[in-house]
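> What follows is a predicted structure for the sequence shown.
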There are 2 protein chains.
Amino acid sequence: MAGRLRDELKKRNPFDSPEQEAILNVARTADRFGIAMSRLLRDFGLTPSQYNVLRILRGEGQPLPILEIADRMITAVPGITGLIDRLESLELVSRDRSVEDRRVIFVVITPKGSELLGRLDEPINALHGQLIGHLSRPELKTLIALLEKARKPCDGKLADS
Amino acid sequence: MAGRLRDELKKRNPFDSPEQEAILNVARTADRFGIAMSRLLRDFGLTPSQYNVLRILRGEGQPLPILEIADRMITAVPGITGLIDRLESLELVSRDRSVEDRRVIFVVITPKGSELLGRLDEPINALHGQLIGHLSRPELKTLIALLEKARKPCDGKLADS
DNA sequence: TCGATTTACATGACGCGTAAACTATCGACA
DNA sequence: TGTCGATAGTTTACGCGTCATGTAAATCGA
């Protein structure tokens, strides 16, 4: 037990370790970016989660089961219900029960939803540029590679639980 | 697949831009790390926000006004009240109204809170190592530098709004 | 000294993430 | 047929972030 050693090293200065510093930086950066995205989306009456769902549906181009949507987001199963509820009440998506398996409920993006997404593409792209446009292409590539490498153990680990 | 639809989808393949890919990677990585942290903290009866408050209080080493705490977190002003409420009911912090300015409420970490934090240091450090211990020191340094650079415009920008 | 503004928090409502328990449906097996 | 277990979604309950308001105390101008 190296408890005594740690007692002497107890100087918790700026950061305990480079690992901690990196993790806190990831969290902080994600928060900043998230805040900026939220503000933009709010002007269009959407929350980030709602936007996320619409993006997934557009990307797929066809109806998706609700749990499939939940899978592609970070959100757990129960939360997806209310999310789809609100999107449905906004008439941006619609539910459609499967005929083959009546347990399955497909979700489709409506024309209104697609139109809203279309209006968002430009501003979102502009915001992305504004947020990290000051990084060079090589820097972006390095950042992306490091983040993917950092996340690799997690990606595998979440599958089993 | 209608031709019209393909026109619409044409420009949005895997990612619209490296900027978008980087931003999504930051968000995704932060989510993964956050989930891991949440699970660990839950075993100790804490939420990430609560842990954050305790860390801030320990780092400061003396009573802090509530708004000062909110400032150091990402959380907005209104939410901090209930957060402190719960921590207080757990007897991990205590409120202390200022005598000079009776509007100000100081928050202090209790011995029980400090003790809980102390028990968390080891597991948290271990988790950090587990999460990104597979990155080399130079890689960590690069990642930290890139994230700080990426965030720089945001850090300045949040002040004004 | 009086009134208006500002500051420091609290409150209430809503959206969302998460765990736990429930309903409904499907498939398999007796 | 009937039951049993797995699967798809929902409901419920709680913590938390955020906005809009409200309240009490300090401060500033007239």
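Thanks, I have it. The structure presented is a predicted model; accordingly, all values stated were derived computationally and were not measured.

> helix or strand for the residue of chain A found nearest DNA strand C, which one?
Nearest residue of chain A to DNA strand C, counting by Cβ to the nearest atom of the strand: A:Gly79, 2.4 Å away. Bear in mind the C-beta positions are built from the backbone N, C-alpha and C, glycine included. Secondary structure assignment for A:Gly79, by DSSP states H and E: helix A:77-89.

> re earlier: find me whatever residue is spatially closest to the residue of chain A closest to DNA strand C, sequence neighbours aside.
Nearest non-adjacent residue to A:Gly79, counting by Cβ to Cβ, 6 or more residues apart in numbering or on different chains: A:Ala70, 7.7 Å away.

> burial count for the one you found?
20 (other Cβ atoms under 10 Å in any protein chain shown).

> do the same with the one 5 residues further on
Neighbour count for A:Thr75, taken as other Cβ under 10 Å: 16.

> my guess is it meets A:Ser49, correct?
Yes. Using Cβ atoms under 8 Å, A:Thr75 is in contact with A:Ser49, at 6.8 Å.

> I figured A:Leu140 was touching B:Pro18, is that so?
Yes. With contacts defined as Cβ under 8 Å, A:Leu140 counts as touching B:Pro18 at a distance of 4.4 Å.

> returning to what we had before: and for A:Thr75 and A:Ser49, which residues touch both?
Jointly contacting A:Thr75 and A:Ser49 under the rule Cβ atoms under 8 Å, 6 or more residues apart in numbering or on different chains are A:Leu83.

> remind me which residues of chain A are low pLDDT?
Scanning chain A for pLDDT under 70 picks out A:1-15, A:155-161.

> Report the closest residue of it relative to chain B.
A:Ala30 (3.3 Å; Cβ to the nearest Cβ).

> what about that residue, how many neighbours?
Counted with other Cβ under 10 Å, residues neighbouring A:Ala30 total 23.

> can the helix or strand hosting it be found next to DNA strand C?
If you go by DSSP H and E, A:Ala30 is part of helix A:18-42. No. Helix A:18-42 does not reach DNA strand C (Cβ under 7 Å from any atom of the strand); its nearest approach is 9.4 Å.

> Buried ones in that helix, by neighbour count?
A:18-23, A:25-37, A:40-41 (16 or more other Cβ atoms under 10 Å in any protein chain shown).

> Surely A:Ile109 touches A:Arg55?
No. With contacts counted by Cβ under 8 Å, A:Ile109 stays clear of A:Arg55, the gap being 9.5 Å.

> Compare the two (neighbour count), which wins?
Comparing A:Ile109 with A:Arg55 by other Cβ under 10 Å, the one with more neighbours is A:Ile109, at 26 against 17.

> Could you tell me how many residues sit around the spatially closest residue to the more buried one that is not a sequence neighbour?
Excluding the flanking residues, the one nearest A:Ile109 by Cβ to Cβ, 6+ apart is A:Leu57, at 4.1 Å. A:Leu57 is flanked by 24 other residues according to other Cβ under 10 Å.

> Repeat that for the one 4 residues further on.
Using other Cβ under 10 Å, the number of residues around A:Gly61 comes to 13.

> Is any residue of the helix holding A:Ala30 near DNA strand D?
Yes. Counting by Cβ under 7 Å from any atom of the strand, DNA strand D is contacted by helix A:18-42 at A:35, A:38.

> Now find how far off-centre the following helix or strand past that helix is within its chain.
Per DSSP H and E, the first helix or strand lying C-terminal to helix A:18-42 is helix A:48-60. Put simply, helix A:48-60 sits 10 Å off its chain's centre (Cα atoms, centre = their mean, to the nearest Å).
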